[in-house]
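1. quick check, what structure comes out for this input:
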Amino acid sequence: MVSLPVLITALLIPLDKVWVLFLVSSLLFMVLWVMFTNQIHKWAHTKNPPQWVIVLQKYKLFLSPQHHRIHHTPPFESQYCITTGWLNGLLNRINFFRVLETVITRITGSYPRQDESVKYFK
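-> Coordinates of the predicted model:
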């Protein structure tokens, strides 16, 4: 639903210039990929996904439940990539998400996983 305003806007833009066509095409593909990524993430949480999804999870083309389970294990600090998970190892090693969380905390004053720590560690 979050992608819907972007999709509607992209469809209403007149395609009278090549660069506008490129921009609209890029937006449409981005929206479609975001929607598909959400579905792939959902399948990582589904007990009995379709057989073809299980095959793609097995060959690491889709995020597998086993790989994603680490993200939902305290202290909830890793495995943030939710399409294939391919970059999780590298991003964890270079502390990408810790640095990003620090920047977001400094900008917003919000602390990551504050609700999880109350839920799981109280």
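
2. what about P112, distance to K60?
-> For P112, the distance to K60 equals 27 Å [CB to CB, to the nearest Å]. Bear in mind the C-beta positions are built from the backbone N, C-alpha and C, glycine included.

3. gap between the residue of the chain most remote from its centre and V24?
-> With CA atoms, centre = their mean as the measure, the chain has its most outlying C-alpha, relative to the mean C-alpha position, at D16: 33.1 Å. As defined by CB to CB, D16 lies at a distance of 11 Å from V24.

4. circling back: more neighbours: which of P112 and K60?
-> Using other CB atoms under 10 Å as the criterion, P112 and K60 rank with P112 on top: 16 against 12.

5. phi and psi next, for the residue nearest to P49 when sequence neighbours are not counted.
-> The shortest distance from P49 to any residue that is not its chain neighbour, by CB to CB, 6 or more residues apart in numbering, is 4.4 Å, and that residue is W43. Phi and psi for W43, reported as degrees, to the nearest 10, are phi -60, psi -30.
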